[in-house]
Every structure is written in C-alpha cells, then in structure tokens.
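Sequence and computational prediction follow.
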Amino acid sequence: MFLAHLLLTISLFSIIMDHHWKAPSLGITKVNCHGVTLDVATPNGNITGLAAILRRSNGNLISSIVGSVRRLSPLGNQLWAIFCGMRRAFLDTTRQVVVETDNLEAFGAIKFPNAAAT
C-alpha cells in the first residue's frame with residue numbers, strides 16, 4: 001500500500017515537474033531528490049519515503065528511484081535520497097551532475113558540513 005501511494009506521489013510529482021522543471025545545461029544530468037517523513041506510520045510500519053529522478057538536459061528520463069529506509073530522521077532521509085540519486089548518476093557514468101532538493105537543511109549539511117561542528 002505504501003509503495004503504491006509513493007509511486008502515485010512520484011507520478012504526480014513527475015507531472016508537476018514537467019511544468020516547472022528547468023533543464024540543466026547541455027551534457028549535465030539533473031538529479032531531483034525528495035525525502036518524506038510521515039507523522040503516522042503506514043500499515044507496514046514505514047514512516048519514511050524517498051525518491052530521486054535523473055534527467056538529461058533534453059528532459060529525457062534516465063532513471064528514477066523510489067524506496068524507504070527505516071529509522072532515519074527527516075534530515076537523514078533527505079540526505080539518503082540525495083545519496084541514492086548521486087550513486088545512480090555515478091553508476092550511469094555521469095560525471096557532471098546538478099542536484100536539486102527543496103530541503104534547505106540537507107543543502108546546508110552538504111554545502112557547509114562543518115557549520116554545526118563544535
């Protein structure tokens with residue numbers, strides 16, 4: 001049930017993205033990443049979901065990833081979504097990648113990894 005709901009969400013996300021998605025420069029792959037953390041667990045016990053969609057500069061889909069990882073914080077879930085997308089791009093031998101996320105905390109953790117260090 002959770003996977004079907006997540007796949008529907010991804011399908012709707014892809015439709016919305018087709019209207020708002022901006023292509024990267026020629027030769028660059030764009031990885032759109034999203035992590036979701038639910039307040040209430042689904043019947044199978046999942047409270048997280050993640051997705052990554054990889055597209056070429058012409059908008060063609062390279063790959064999509066959907067899944068969940070148990071016992072992750074919301075930030076950890078978002079970072080895992082980014083990792084999964086980047087790993088898929090790497091395995092596809094893509095070396096020029098733009099990562100897009102709507103999570104400012106995840107962006108900050110990657111861009112400024114020592115900012116929270118004490």
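Happy to help now that I have it. Residues are numbered from 1 along each chain as shown.

Contacts only, for L26.
L26 makes contact with S57, according to C-beta atoms under 8 Å, 6 or more residues apart in numbering. (Glycine included, C-beta is placed from N, CA and C.)

quick one, helices of the protein?
Assigned by DSSP state H, the chain shows helices spanning 2-20, 74-91, 104-111.

Least confident of these, on average?
Of all the helices of the chain, the minimum mean pLDDT falls on helix 2-20 (a mean of 47).

Closest to the centroid, which residue in the chain?
Of all residues in the chain, the one closest to the mean position by C-alpha atoms, centre = their mean is C33, 1.8 Å from it.

how deep is the closest residue to L61 other than its chain neighbours tucked in, by neighbour count?
Nearest residue to L61 in three dimensions, chain neighbours excluded: R55, at 5.7 Å (C-beta to C-beta, 6 or more residues apart in numbering). The number of residues packed near R55 is 20, by other C-beta atoms under 10 Å.

about what we covered before: for the residue nearest to the centre of the chain, list the residues it contacts.
50-52, 78, 81-82, 84-85, 99-101.

so the nearest residue to I82 once chain neighbours are set aside bridges to which residues?
The shortest distance from I82 to any non-neighbouring residue, by C-beta to C-beta, 6+ apart, is to C33 (4.6 Å). Judged by DSSP bridges, the bridge partners of C33 are A52, T101.

so how far is A23 from the residue nearest to the centre of the chain?
Distance, C33 to A23, by C-beta to C-beta, to the nearest Å: 17 Å.

and what of N103?
22 Å.

Tell me which of those two has more neighbours.
Remark: of N103 and A23, N103 carries more neighbours, 18 against 13, as counted by other C-beta under 10 Å.
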